[in-house]
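Q: Let's see this in three dimensions:
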Amino acid sequence: MDKLLIKYADVILNTCLKVQKNQPLLISYNVARRDFVRILAQEAYKIGVKDIYFDASDPYLKHEALINLDEKDLKKTKFWNRQVWNEYAKKGAAFVMLASETPGLMKDVDPDKLSALTIYGYESQKEFDDLRAKSMVPWCIAAVPTIEWAKEVFPDSKDPEKDLWNKIFEICGIVSNDPEKLWDKKITKLSERCQKLNAYKFKTLRYQNSLGTDFEIDLPKNHVWCSGKEKLANKKEVLVNFPTEEVFTSPDCKSARGIVYSSKPLAYQDNIIDEFSIKFEKGEAVECHAKKGQKILENIISGCKNSNRLGEVALVEYDSSISKSNIIFYETLFDENASCHLALGDSFPECIENGLKMSKRELQSNNLNDCTNHVDFMVGTKDLEITGITEDGREILIFENGNFTKEFK
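A: Numbers count the residues shown, from 1 in each chain. Predicted structure coming up:
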């Protein structure tokens, strides 16, 4: 296990982020995983990193604060204030965001309070987000298990934490002889798929499945499909989600119409939203229903300006390697790479031609969404059908029976 942990840390730093000697580094993490952060720091020091900021978070302390303090006092704490991210972004740091869920921890917290503090957290790191949107910040999200999260994923296991670690190592290719070669091959395939989709310049995407999803959304004329490897302004390429199976673009945020049904639970701020649907009219989410987490879903949709519009459409095969594990991870990083998904909130400037050189006003004029939040939710199923409609009205089947058709393989 120790060798695999070291290898995992090495791949995050060198294959995903390509951290350089003397480059500052910020690591955000759950305090329960200090042990892995020590390994990550050791590997960073070997590269020649001399400046590391350790941004530790304790979800249980956050929970107690949310229960006992009002919103005004909560904003005086440092739990949600991320101004240090702005400082490190401006000096060229690389960012490692270690995801660890505590499913259901916040179920007794006032959803309005949690939503307000979540938005405040995003607002406090605005400079970081602006630089990241312009592809000037190298960043990577990877996962580390906690015992609470592992028990949710493997409730019948005698050693759920070990089982979750092993599953992460398997999915991320850490058990292979050469993870870098494995990921280069995977990203090449995803990039080729993007090229095939870009060639059609689709005007509209139509989604249909047996859950009841019957939904259409338009794409900007100059949209671009992208994969999980991001080319930064300095030409360096980084893998921002580890792992990744998706190709994605940003839609016309004023065009969504119809209804979509969730295919997997959504873990959001240590809450679970499940079995939900969202109805759209003229680009706006106008109605939602959830068997679990109704109020949380309502707050996601209404939490801030434009959070009721879509900023991403992403395509992932039902037969992706993560999906084939038949595991619900209750962590978006993994669940979104097992399923086609949409995202409420912010769009990606790189998903439109010359978008990285555009101002926010120019991006908005191309109907890309501008929002402080970005929340992915899964809609892919075994029978999902997605049709692309071209400018001249041709209908091209992109997805059939939950997977890409032969043309886009």
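
Q: Give me the distance between the residue lying closest to residue 287 once chain neighbours are set aside and residue 178.
A: Once flanking residues are discounted, residue 287 sits nearest to residue 279: 4.1 Å by Cβ to Cβ, 6 or more residues apart in numbering. For the C-beta atoms, the positions are set from N, CA and C on the backbone; glycine is no exception. From residue 279 across to residue 178, the span is 47 Å (Cβ to Cβ, to the nearest Å).

Q: Look at those two and report which has more neighbours.
A: residue 279 (16 against 11; other Cβ atoms under 10 Å).

Q: Can you verify the more buried one is assigned to a strand?
A: Yes: read with DSSP: H, G, I helix; E, B strand; the rest coil, residue 279 is one of the residues of a strand.

Q: That one is in contact with residue 259, isn't it?
A: Yes: between residue 279 and residue 259 there is a contact at 4.6 Å, judged by Cβ atoms under 8 Å.

Q: what element comes up after the helix or strand harbouring residue 118 heading to the C-terminus?
A: Assigned by DSSP states H and E, residue 118 belongs to helix 111-124. Read in the C-terminal direction, the helix or strand following helix 111-124 is helix 126-133, with elements assigned using DSSP H and E.

Q: what packs against that next one?
A: Contacts of helix 126-133 with other secondary structure elements, assessed using 3 or more Cβ pairs under 8 Å, 6 or more residues apart in numbering; DSSP states H and E, are made with helix 83-90.

Q: Report all helices and strands that the helix it packs on contacts.
A: Using 3+ Cβ pairs under 8 Å, 6+ apart as the contact criterion, the secondary-structure elements in contact with helix 83-90 are strand 25-30, strand 52-57, strand 94-99, helix 126-133.

Q: Turn these into a markdown table, including mean pLDDT, distance to residue 393 and mean neighbour count.
A: Written out in a markdown table, the entries for the helices and strands packed on helix 83-90 read as follows (pLDDT from 0 to 100; distance: least, Cβ to Cβ, whole Å; neighbours: other Cβ atoms under 10 Å):
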| stretch | mean pLDDT | distance to residue 393 | mean neighbour count |
| --- | --- | --- | --- |
| strand 25-30 | 98 | 47 | 21 |
| strand 52-57 | 97 | 51 | 15 |
| strand 94-99 | 98 | 42 | 21 |
| helix 126-133 | 93 | 34 | 18 |
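
Q: any chance of the ones you listed in CSV, plus distance to residue 342?
A: Written out in CSV, the entries for the helices and strands packed on helix 83-90 read as follows (distance: least, Cβ to Cβ, whole Å):
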stretch, distance to residue 342
strand 25-30, 25
strand 52-57, 27
strand 94-99, 20
helix 126-133, 19
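
Q: Go through those and name the closest to residue 344.
A: Using Cβ to Cβ as the measure, helix 126-133 is the one of the helices and strands packed on helix 83-90 that comes nearest residue 344, at 16.2 Å.

Q: okay, now the domains of the protein?
A: Structurally, the chain divides into domains by automatic domain parsing as follows: 2-171, 188-231+241-408.

Q: Output the ones you listed in a markdown table; the columns should cover distance to residue 182.
A: As requested, the domains of the chain are arranged in a markdown table below (distance: least, Cβ to Cβ, whole Å):
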| stretch | distance to residue 182 |
| --- | --- |
| domain 2-171 | 10 |
| domain 188-231+241-408 | 10 |
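
Q: deepest of those, which one?
A: domain 188-231+241-408 (a mean of 19; mean count of other Cβ atoms under 10 Å).

Q: quick one: the helices in the stretch 201-350 of the chain?
A: With DSSP state H, counting those that start in this stretch as the criterion, the stretch 201-350 of the chain has helices at 294-302, 332-335.
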